[in-house]
Structures are given as structure tokens and as C-alpha cells.
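J.: Predicted model follows, preceded by the sequence.
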Amino acid sequence: MPDVGSDLMPEITNPHDRFFKEVFARKEVAADFLRNYLPADVLACVDENSINLTKDSFVDNELATHFSDLLYEVDLHDGSGAYVYVLFEHKSFPDSEVAFQLLRYMVRIWEQACRQRQLKKLPPIIPVVLYHGIVNWKISRKFSGMFEHPRALAPFVPDFSYLVCDLTRYSNDDIRGMVLLKVTMLLFKYIMSEELRGQLPEIFKLLKDLSDKESGMEYLQTVLIYLSKSTDKINRENIKEALKIAFPSEGGEIMPTIAEEWIQEGFERGMQQGMQQGMQQGMQQGMLQTARNNVLDILEARFETIPQSIFKRLKEINDPDILKMLLKKALRLSSMDEFRKTMNIILE
């Protein structure tokens with residue numbers, strides 16, 4: 001297999017991105033993920049213990065806020081090689097164009113592989129989307145799902161399938177793997193949910209077997225900093241209380257005092273980012289209003305009258321990605337009623 005990686009990881013600023021890459025860069029975690037989340041027939045082709053992380057990212061810069069990615073090389077049992085490409089989508093709703101994004105990234109991987117080694121055949125790529133939003137993944141898992149065409153044209157439409165690990169559909173018991181992987185997946189599942197506070201003690205309890213090991217303490221530090229920086233569903237006291245329940249000690253004190261230092265470190269980093277974000281907030285509000293107005297202008301130009309219900313719903317949307325999606329729908333859909341139904345589905 002050609003080495004498609006560079007020597008340095010790009011700078012990571014998004015807390016979800018940083019946590020994902022810190023954990024999934026561990027070979028044992030990546031191999032455990034393949035064992036537990038690849039379909040059985042796919043896993044049967046792969047030597048998961050041969051997994052090797054490359055150092056490249058293929059996500060477009062403008063999408064880096066909402067997507068992270070890691071590329072692994074693996075050996076196949078037939079003696080050939082393949083890639084496993086994991087795209088981590090940390091958005092509150094699924095992106096309807098993810099298959100198109102995956103195609104672009106896969107082509108870049110093949111192009112880079114061909115530049116670095118003369119290949120008679122292209123290595124297969126197994127694309128996996130890891131999703132932890134707040135609504136279920138309902139988008140087609142085939143690239144051909146992006147097309148509408150007469151049946152006679154089907155042979156001319158490119159196609160591939162991708163796997164989706166949709167954590168919104170997993171119960172806690174469904175989330176499998178060794179402790180590091182299971183804790184990570186549970187945190188991803190609940191990080192955007194109001195249930196996080198109640199789930200946190202049980203998640204921390206899973207770490208008890210690792211708490212007296214150096215690697216376990218390093219991972220706990222990573223978890224605490226991630227929690228401190230990535231969610232508004234809990235506060236510092238919630239984290240400390242969850243630690244107290246999971247790691248009781250004499251006198252009822254929270255486990256190692258150093259844990260408090262890690263929490264503080266996370267919140268201080270979060271506060272610095274918050275100050276920077278606060279300076280941009282006014283600008284962002286203006287951009288959101290412009291995005292809403294753009295959708296309304298298109299609807300008015302195409303359909304003349306806009307129902308008050310649509311005005312009201314658009315005013316309540318504060319996610320620029322949803323507004324961008326609705327702008328595309330406003331340009332393409334054939335009636336106001338079709339736009340309203342589509343908007344309701346997106347906002348469910």
C-alpha cells in the first residue's frame with residue numbers, strides 16, 4: 001500500500017475534532033472500532049490488526065468546522081490492501097450532500113496513491129460516516145441516491161455505498177468495544193443531549209478499571225478537557241459531582257485532585273475561545289439574518305406570496321448550515337407547499 005500521508009497533522013481547533021483524532025489515532029481504538037462496527041462480511045475481508053493511521057486530512061477547509069476525518073490503511077486477507085476512511089460529522093442534523101463529499105475525498109485519496117506508486121488497480125476504500133447529531137440519519141447511503149433519472153440512464157450514474165454509524169439509533173447496550181472506545185462513543189452520543197448530565201456518572205464508572213494506569217489517567221484528562229470545552233449541557237459542578245459518584249474516596253472527596261486541574265484547564269481554554277467567539281457573535285448574527293433574507297428573497301421571487309408560518313420558522317433558525325440547505329431547496333423545489341414540507345422534514 002502506498003503511504004498517502006504527510007508528516008504533520010493539521011492544526012486542530014474544534015473540540016469535537018480534537019477529541020475524535022486524539023482517541024481514534026490510537027491503533028487499538030481504531031482496530032476495536034473496525035471489529036465492532038464494520039459489517040461481518042466486510043470485517044471478514046480485513047485484517048483489523050494491520051490497521052495503520054496515515055497523517056492526512058481530505059476535508060475541505062470550509063467544511064472543517066463540521067467534519068473531521070481519518071484515513072487508515074489495512075491489509076486484506078487475500079494479500080492486497082485497502083483503505084478505511086472515517087468521516088466524523090459533528091453536526092446537529094445529517095448533511096444531505098455527504099455522499100458527494102465522500103466521493104471527492106475518495107478521489108483525492110486515489111489520486112494521491114497513484115502519484116506515490118504506480119498502481120495497476122486502485123485499492124478499495126471503505127467509507128464510514130460516524131454521526132452523533134440530535135436527529136436520526138435518514139439520508140440514502142448510496143451515492144446514486146443523489147440522482148433522479150430515467151431507468152435507462154442508470155448505467156451512466158456512478159454509484160458506491162457508505163457505512164453510517166448513527167449513534168442516535170444506538171442504545172447504551174448497543175455501543176460495544178473496549179473501555180476507551182465505548183466511553184468515547186457514549187460521550188459522542190450524549191454530548192449534544194440534555195441527557196448528558198444524568199449519563200455522565202455511568203460513563204465515568206467505565207473508566208474505573210483504567211484509573212490506576214498511566215494510559216487511563218491520560219485518557220481521563222482528555223475526556224475532562226473535552227467535556228469542559230465542547231458542550232453547554234453541563235457545567236463544572238456537574239462534572240465534579242459525576243466524578244465524585246464514579247470515583248468515591250475516603251471522606252467523600254473527588255478522586256485525584258489533579259482532575260480538578262484538568263477541568264479548570266478545559267474551562268479556561270473554553271473561556272478564551274468564548275471571548276474570541278463573542279467578538280464574532282455580532283457579525284455572525286448579521287450573517288444569519290442575511291442568510292434568512294436570501295431564502296425569503298428567492299421564495300418571494302419564485303412564488304410571490306410567503307406564508308407567515310414560513311416567516312416564523314425561518315426566524316427561529318440559527319444554524320447557517322440549515323439556512324444554506326434551505327436556500328438550495330428554495331431554488332430547486334417547484335412549489336411553496338413542497339418547500340414547506342421539505343423544511344418541516346429538515347427541522348424535525
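T.: Perfect, thanks for sending it.

J.: Can you find the helix or strand of this protein with the lowest average pLDDT?
T.: Sorted by mean pLDDT, DSSP states H and E, the helices and strands of the chain end with helix 258-303, the least confident at a mean of 62.

J.: So for the helix or strand just after that one, what gets flagged as buried?
T.: Downstream of helix 258-303, the first helix or strand assigned by DSSP states H and E is helix 308-316. Neighbour counts over helix 308-316 (16 or more other C-beta atoms under 10 Å) mark 310, 314 as buried. Where you see a C-beta, it was placed from the backbone N, CA and C, and this is true even at glycine.

J.: Could you pull up the mean pLDDT of helix 308-316?
T.: What helix 308-316 shows for mean pLDDT is 85.

J.: Tell me which residues are up against it.
T.: By C-beta atoms under 8 Å, 6 or more residues apart in numbering, the residues outside helix 308-316 that reach it are 292, 295, 296, 299, 323, 326, 336, 339, 340, 343, 347.

J.: The helix or strand containing residue 244 packs against which elements?
T.: According to DSSP H and E, residue 244 maps onto helix 236-246. Packing partners of helix 236-246 (3 or more C-beta pairs under 8 Å, 6 or more residues apart in numbering; DSSP states H and E): helix 196-205, helix 214-230, helix 258-303.

J.: rewinding a little: tell me the one among the contacts of helix 308-316 nearest to residue 160.
T.: The shortest gap between residue 160 and any of the contacts of helix 308-316 belongs to residue 326, at 27.6 Å (C-beta to C-beta).

J.: can you tell me which residues contact that closest one?
T.: Going by C-beta under 8 Å, 6+ apart, residue 326 touches 295, 314, 317, 339, 343, 346.

J.: Just the buried subset of the residues you listed, written out for ChimeraX, thanks.
T.: Typed into ChimeraX, the line below selects the buried ones among the contacts of residue 326, using 16+ other C-beta under 10 Å:
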select :295,314,317,339,343,346
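
J.: For the contacts of residue 326, work out which two are farthest apart.
T.: 317 and 339 (13.7 Å).

J.: Now residue 87: phi and psi?
T.: Phi and psi for residue 87, reported as degrees, to the nearest 10, are phi -110, psi 120.

J.: what residue lies at the spatial centre of this protein?
T.: Central residue check for the chain by C-alpha atoms, centre = their mean: the C-alpha nearest the mean position is that of residue 89, 2.5 Å away.

J.: Quick check on the residue lying closest to residue 219 once chain neighbours are set aside: phi, psi?
T.: Closest residue in space to residue 219, ignoring its immediate chain neighbours: residue 180 at 6.0 Å, by C-beta to C-beta, 6 or more residues apart in numbering. Phi and psi for residue 180, reported as degrees, to the nearest 10, are phi -60, psi -50.

J.: Count the residues that sit near residue 180.
T.: Neighbours of residue 180 under the rule other C-beta atoms under 10 Å: 22.

J.: I'd say it and residue 28 touch.
T.: Yes: using C-beta atoms under 8 Å, residue 180 is in contact with residue 28, at 7.4 Å.

J.: which ones are touching residue 239?
T.: Contacts here follow C-beta under 8 Å, 6+ apart; on that basis residue 239 touches 200, 224, 227, 228, 263.

J.: Buried subset of these as a PyMOL selection?
T.: To isolate the buried subset of the contacts of residue 239 in PyMOL, counting by 16+ other C-beta under 10 Å, use the following:
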select buried, resi 200+224+227+228+263
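
J.: That'll do, ta.
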